[in-house]
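Q: Sequence and predicted model, in that order:
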Amino acid sequence: MRAAITRARFWTCGVTGLKVHESAVPPLLANAVTAVVFLLVGGFLALLVALTRWEAVHLLSPKWYYIVLTLHAWSMLIFWIVFMEVAILYFACTAVLNARLVTPLAAWLAYVLMLGGSLLAALTVLLQGDTRDQPLLTSYVPLNVHPLFFLGAIVFAVGAFVALGVFFASVWRASRERTYRGSLPLVTFGAAIAAIIAVESLLGGAIAYIWAFLWSIGLVKSIDAEMYRTVWWLLGHGTQQINLAAMVTGWYLLAHLTTGAQSASEKVSRTGFVLYVLFINLGAAHHHLSDPGVTSAWRIWNAGYAMYGAAMASMIHAFAIPASVELALRRQGHGGLFGWLRHAPWSNPAFAALAVSFPLFGILGGITGITFGTEQLNMMVHNTLAITGHFHATVVTGTSVAFMGIAYAVIRLIGLRELLSHKLATIQLYIFGAGMAVFVVAMMWLGYFFGVPRRHPDVSSLPLIRSPGLEAIMGIAGVVAVIGGVIFLALAVGSLLLGQRREKGPAVAPVAGASNGGVSPGRGQIQGGHAIAHDLRGTLTICLVFMAVFLVIYATHWINLSSLWSIR
Ligand code: HEM
Ligand SMILES: [Cu+2]
């Protein structure tokens with residue numbers, strides 16, 4: 001009887017062969033849809049902020065600029081990204097493992113706490129009145145921020161903790177019941193790495209926000225600003241590394257779903273993920289590079305040498321992912337140095353997401369991250385728009401674009417709806433990527449060469465050399481990106497509501513050790529194994545070009561630094 005019930009509740013996806021259990025569907029979709037709604041809100045606010053920073057338009061008053069900037073940052077970087085990550089975790093611990101979600105009730109509790117916390121924080125920011133300060137993303141003490149904002153952040157974090165618990169419990173149950181073959185599939189492994197980093201970050205966040213909350217209601221008398229910053233950045237930096245791990249996991253998944261790609265060496269890919277856990281938290285020190293409260297040795301060791309372990313991990317994935325695509329496409333008969341790339345499925349939205357997210361993250365976000373994260377070079381860009389440019393390259397052209405691709409996949413696989421238009425979905429990703437790429441380069445340029453500060457409602461009165469037209473380019477590119485984003489939202493919501501229904505595959509019983517649509521090939525199952533040499537000339541060439549670009553940019557920064565003042 002019990003078996004019969006379980007059997008009826010699984011179905012197979014006709015396209016991917018993944019087995020989906022009904023228990024996962026409602027919480028997964030609720031998180032994904034909520035994420036998209038926050039993206040809608042954050043995107044609208046982005047338009048307002050961008051049109052304020054474009055001096056010729058100068059839309060918002062200082063008061064509204066700071067309210068809107070705070071809400072933009074929280075809607076995007078926290079709510080859109082984290083709700084989407086919870087959806088991805090649920091996907092990785094159910095469909096990828098042929099397993100059910102353990103305790104859907106807890107998943108709903110997590111959802112309610114996260115939604116309640118986010119609404120409380122957002123409404124407080126909106127309604128807290130003129131006597132209070134806006135926290136912006138970082139909510140540094142001793143800003144006079146309303147206690148309810150801190151409380152909202154705490155409730156949200158507790159919800160996220162519960163969601164992590166559901167994920168770990170589901171993975172554990174699936175491994176006990178042996179619902180998958182071989183070792184934990186790479187996609188779930190990557191998701192688990194993101195979840196481990198999340199536990200660490202949320203602990204830091206809990207300490208920082210409980211501390212600030214107690215201080216804001218007067219129970220703690222004073223608070224050390226540098227110590228608060230150090231603890232807060234465990235959350236602030238840690239969450240970006242969750243995004244990184246989740247995005248890289250997403251890249252492996254998108255590559256697999258669109259070209260059948262499988263990592264040439266799962267062992268190496270997994271090592272990359274483990275390096276993230278070991279080293280990435282040290283990168284939090286790059287947020288203190290201009291702080292007087294910590295020593296230079298501490299800053300250089302943590303943000304420099306110790307960080308390279310994590311940079312190494314990213315280099316591994318930067319090679320492994322295009323390599324997996326190259327191998328898969330070569331196997332389908334596309335040869336030549338770049339013939340495989342020409343024959344890649346560029347018009348498939350899931351592949352377009354990978355094709356936009358992967359290079360833009362690496363070139364615009366990765367290179368600037370290493371460069372700006374170097375103690376001495378950081379002096380040139382600290383608190384300028386160059387920093388905002390850097391992290392929009394990472395979290396927007398990188399993570400958000402990858403998540404858009406995953407959202408399209410979730411709509412088809414879990415939502416069981418066809419996209420209203422595949423073509424428009426693909427075009428949307430290229431528009432968004434192009435707009436955002438120009439936008440971030442303009443921001444970096446304004447910050448780096450013209451010293452334009454970030455978080456400033458009106459730089460017209462500052463003694464800056466004016467840039468000829470760059471601001472307008474930033475403004476227009478921002479608007480183009482928002483248009484690309486609006487098309488995404490229209491397609492995502494429209495497809496879920498009005499898209500053609502997709503047939504559920506046959507109801508199945510979960511067989512112990514069943515195949516899961518090839519998401520994990522199991523150990524050594526790549527065709528041909530390692531017996532024949534892999535032809536990866538294309539990827540190697542791309543990586544060498546990337547390294548050359550990186551070296552030129554890195555060297556240029558040092559040359560510029562040395563020319564800032566002369567030593568007599
Ligand atoms: C069309 C898309 C977007 C546009 C045009 C845009 C534009 C902007 C602008 C103009 C600023 C203000 C910079 C300043 O004045 O200091 C800003 C800040 C910010 N944005 Fe975006 N943004 C977009 C999407 C996103 C996304 C998707 C995320 C996160 C996933 C994000 C996260 C942030 C954060 C964290 C800040 C900094 C807030 C602070 O300084 O505390 N943005 N954005
Ligand atoms: Cu960081």
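A: That came in fine, so what should we check first? Ligands and ions are numbered 1, 2, ... in the order given.

Q: quick one: low-confidence parts of the stretch 451-568 of the chain?
A: Along the stretch 451-568 of the chain, the parts satisfying pLDDT under 70 run over 508-532, 566-568.

Q: switch the cut-off to 80
A: Applying pLDDT under 80 to the stretch 451-568 of the chain flags the ranges 504-533, 565-568.

Q: Tell me both backbone torsions, phi and psi, for residue 417.
A: With angles defined as degrees, to the nearest 10, residue 417 sits at phi -130, psi 150.

Q: what's the answer for residue 12, then?
A: phi -100, psi 140.

Q: Residues in contact with the helix or strand where residue 388 lies: which ones?
A: Per DSSP states H and E: residue 388 is located in helix 385-392. Under the contact criterion C-beta atoms under 8 Å, 6 or more residues apart in numbering, helix 385-392 has outside partners 53, 240, 364-365, 368-369, 372, 381, 436, 439-448, 452-454. The C-beta positions use only the backbone N, C-alpha and C, and glycine is treated the same way.

Q: Same check on stretch 92-104?
A: Taking C-beta under 8 Å, 6+ apart as the rule, stretch 92-104 contacts 6, 9-10, 13, 18-21, 23-24, 26-28, 90, 107, 166-167, 169-171, 173-174, 177, 179-180, 185, 187-188, 190-192, 249, 413-414, 510-511, 514, 516, 519-520.

Q: then that stretch to PDB, C-alphas only?
A: Output in PDB follows, covering the C-alpha atoms of stretch 92-104 (Å, rounded to 0.1, in the frame of the first residue of the first chain):
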ATOM      1  CA  ALA A  92      19.300  19.200  -6.300                       C
ATOM      2  CA  CYS A  93      18.100  17.100  -3.400                       C
ATOM      3  CA  THR A  94      15.000  15.700  -5.100                       C
ATOM      4  CA  ALA A  95      14.900  15.500  -8.900                       C
ATOM      5  CA  VAL A  96      18.700  15.000  -9.300                       C
ATOM      6  CA  LEU A  97      18.600  12.200  -6.700                       C
ATOM      7  CA  ASN A  98      15.300  10.600  -7.700                       C
ATOM      8  CA  ALA A  99      14.200  11.300  -4.200                       C
ATOM      9  CA  ARG A 100      11.400  13.000  -2.300                       C
ATOM     10  CA  LEU A 101      11.600  16.100  -0.200                       C
ATOM     11  CA  VAL A 102      11.800  15.200   3.500                       C
ATOM     12  CA  THR A 103       9.400  17.100   5.700                       C
ATOM     13  CA  PRO A 104       7.600  19.400   3.200                       C
END
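
Q: ok but residue 182 is inside a helix, no?
A: No: Residue 182 is assigned coil when assessed by DSSP: H, G, I helix; E, B strand; the rest coil, not a helix.

Q: That one: neighbour count?
A: Residue 182: 13 surrounding residues under other C-beta atoms under 10 Å.

Q: distance of it from ligand 1?
A: 34 Å (C-beta to the nearest ligand atom, to the nearest Å).

Q: what's that residue sitting at in phi/psi?
A: phi 70, psi -150.

Q: Does stretch 363-376 reach ligand 1?
A: No: between stretch 363-376 and ligand 1, judged by C-beta under 6 Å from any ligand atom, nothing touches; the nearest distance is 11.9 Å.

Q: ok, residue 418 touching residue 494?
A: No: with contact defined as C-beta atoms under 8 Å, residue 418 does not reach residue 494; the gap is 11.1 Å.

Q: Do a quick rundown of the strands in the chain.
A: Ranges of strands in the chain, per DSSP state E, are 10-12, 19-21.

Q: looking at those, which is buried most?
A: Of the strands of the chain, the one with the most neighbours on average (mean count of other C-beta atoms under 10 Å) is strand 19-21, at a mean of 24.

Q: helices or strands up against that strand?
A: strand 10-12 (3 or more C-beta pairs under 8 Å, 6 or more residues apart in numbering; DSSP states H and E).

Q: and the strand it packs on, how far out from the chain's middle?
A: 29 Å (C-alpha atoms, centre = their mean, to the nearest Å).

Q: ditto for stretch 183-199
A: On C-alpha atoms, centre = their mean, the centre of stretch 183-199 falls 14 Å from that of its chain.

Q: That stretch - what's its average pLDDT?
A: The pLDDT scores in stretch 183-199 average 95.

Q: Ok, stretch 270-278 next?
A: pLDDT averaged over stretch 270-278 gives 94.

Q: Who are the contact partners of the closest residue to residue 493 other than its chain neighbours?
A: Closest residue in space to residue 493, ignoring its immediate chain neighbours: residue 36 at 6.7 Å, by C-beta to C-beta, 6 or more residues apart in numbering. By C-beta under 8 Å, 6+ apart, residue 36 lies in contact with 80, 407, 489, 492-493.

Q: Identify, from those residues, the entry nearest to ligand 1.
A: residue 80 (6.0 Å; C-beta to the nearest ligand atom).

Q: which residues touch the closest one?
A: 35-36, 38-39, 42, 400 are the contacts of residue 80 under C-beta under 8 Å, 6+ apart.

Q: per-residue confidence for it?
A: So, for residue 80, pLDDT stands at 95.

Q: before we move on, what about residue 241?
A: pLDDT, read off for residue 241, is 92.

Q: What parts of this structure come near ligand 1?
A: So far as C-beta under 6 Å from any ligand atom goes, the chain lies against ligand 1 at 43, 46, 49-50, 53, 69, 72-73, 76-77, 81, 136-138, 388, 392, 395-396, 400, 439, 454-455, 478, 481-482, 485.
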